[in-house]
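**Student:** Requesting a structural model of the entry that follows:
(2 chains)
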Protein chains: 2
Amino acid sequence: MTENKLCPRLAKAMELLGKRWTILIIHQLLEGTKRFNEIESALPISGRLLSERLKELEKEGIVERKVHAESAVRIEYTLTEKGQSLMNTIQEIEKWSQTWL
Amino acid sequence: MTENKLCPRLAKAMELLGKRWTILIIHQLLEGTKRFNEIESALPISGRLLSERLKELEKEGIVERKVHAESAVRIEYTLTEKGQSLMNTIQEIEKWSQTWL
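**Tutor:** Now for the predicted structure:
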């Protein structure tokens, strides 16, 4: 732990990760690349809010959006390395919640 | 990681820990027992909001509030075992933020 002073990085991380649904969306994508509808049906979240969160995560470099031009356009979301590296954090939150909540 | 299904515990954990300032307050208390003023001066947070967050954390069993009746009343805040066990989580968030933010 750091000395008794401000932790701007921790504050910034929590501003990002503390937003409603963000960790749950990342948790979904830790299972692998998914389409928008797959994430939407896995979480009780509106399509509009999911779209907003995915855009934020893309902007932060945590999620990558890939468009595949096939017969119909397919859009997939994948975690970047930055996003993938949240696995330990999420596992720790899960461990804690399984013990204490 | 769990199967593609709802994670109510993870959702509940994030509802609790995702609130603005909560992780930073716990981070302060991981350094040891502190008085209200010590936490207040370490974080750019209003006394009113700090008081609100400490009450929530007390209610959730994460923080313990101790009143010492001396010449003047002294009130101290300490992490419970439930609160202390968030250390790994916070360390993981710190590690991630130090690498990526």
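**Student:** Kindly state the pLDDT recorded for the spatially closest residue to A:Leu49 that is not a sequence neighbour?
**Tutor:** In space, and not counting its chain neighbours, A:Leu49 is closest to A:Trp21: 6.7 Å by CB to CB, 6 or more residues apart in numbering or on different chains. All C-beta spots, glycine's among them, are computed from the backbone N, C-alpha and C. pLDDT for A:Trp21: 94.
**Student:** Which residue ranges of chain A form helices?
**Tutor:** For chain A, the helices defined by DSSP state H occupy A:8-17, A:22-29, A:36-42, A:47-59, A:81-84, A:87-100.
**Student:** could you give the mean pLDDT of the last one?
**Tutor:** Per-residue pLDDT over helix A:87-100 has a mean of 92.
**Student:** Contacts for it, please.
**Tutor:** A:17, A:23, A:26-27, A:30, B:7, B:9-10, B:12-14, B:17, B:61, B:82, B:85-86, B:88-89, B:92-93, B:95-96 (CB atoms under 8 Å, 6 or more residues apart in numbering or on different chains).
**Student:** And the buried ones among those, selectable in PyMOL?
**Tutor:** In PyMOL syntax, the buried subset of the contacts of helix A:87-100 is picked out as below (16 or more other CB atoms under 10 Å in any protein chain shown):
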select buried, (chain A and resi 17+23+26+27+30) or (chain B and resi 7+9+10+13+14+17+82+85+86+89+92+93+96)
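**Student:** State the pLDDT value of the residue most central in space within chain A.
**Tutor:** By CA atoms, centre = their mean, chain A has its centre lying nearest to A:Ile26, at 2.6 Å. On pLDDT, A:Ile26 comes in at 95.
**Student:** Distance of it relative to A:Lys66?
**Tutor:** Distance of A:Ile26 to A:Lys66, computed by CB to CB, to the nearest Å: 17 Å.
**Student:** What is the neighbour count of A:Met87?
**Tutor:** Neighbours of A:Met87 under the rule other CB atoms under 10 Å in any protein chain shown: 16.
**Student:** just for chain A, where's the confidence low?
**Tutor:** The model of chain A has pLDDT under 70 over residues A:1-6.
**Student:** Most proximal residue of it with respect to chain B?
**Tutor:** Nearest to chain B, among the residues of chain A, is A:Gly18, at 3.4 Å (CB to the nearest CB).
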